[in-house]
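[1] Let me see the structure of the following:
(one chain, ligands or ions: 1)
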Amino acid sequence: MASIFTKIVQGEIPCHKIAENDNYFAFLDINPLTEGHTLVIPKKEVDYMFDLDDELLAGLHVFAKKVARALQKAVPCVRVGSCVMGLEVPHAHLHLIPFQMMSDMSFTNPKLNLTQDQLAEIAAKVRNHLDQ
Ligand code: AMP
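    Next up, the predicted model:
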């Protein structure tokens, strides 16, 4: 069965899309740790990030770099952190998390409670900073 993220890529499940190309897709995490928390995935459905072949793994990071730079401009933050968890969704994904302080990156923190309208507004802001 297709993963929830494959369904997002295929448009069967809605998301707040940030960017897409032939091989990769980025969208806002629905339960963000911080404003702008984004997931970057390969469209190819592989469970574990470090099982991706070298080329796809390297390309994911090049794609994530563009997204991270846009996040840095769109969202007040000191830096954009990245991490791989993958305990919940078996489709490789990189978390990009704009942070002010180290503790913002902790997955034990309570998630932000943002409305769909707020998420849509953040996504639009980030998209506006892509390729600038
Ligand atoms: P993990 O697999 O532990 O890295 O966590 C999966 C992440 O995917 C969590 O941060 C969830 O909030 C996020 N997530 C799960 N379903 C969706 C969805 N439909 N849209 C956006 N993010 C999601």
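[2] Quick check: residues of the protein near the ligand?
    Residues of the chain that fall close to the ligand, judged by Cβ under 6 Å from any ligand atom: 4, 13, 15, 29-31, 39, 85-89. Quick note: C-beta positions are derived from backbone N, CA and C, even for glycine.
[3] got TSV for those residues, with secondary structure too?
    Formatted as TSV, the residues of the chain next to the ligand follow (DSSP: H, G, I helix; E, B strand; the rest coil):
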residue	secondary structure
4	helix
13	coil
15	coil
29	coil
30	coil
31	coil
39	strand
85	coil
86	coil
87	coil
88	coil
89	coil
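[4] Quick one, which of those are buried?
    Restricting those to buried positions leaves 15, 29-30, 39, 86, with burial counted as 16 or more other Cβ atoms under 10 Å.
[5] Enumerate every residue touching the most centrally placed residue in the chain.
    The centroid of the chain falls nearest to residue 39 when counting by Cα atoms, centre = their mean (1.7 Å). Shown here is residue 39, whose contacts under the criterion Cβ atoms under 8 Å, 6 or more residues apart in numbering are 5, 26-29, 93-96.
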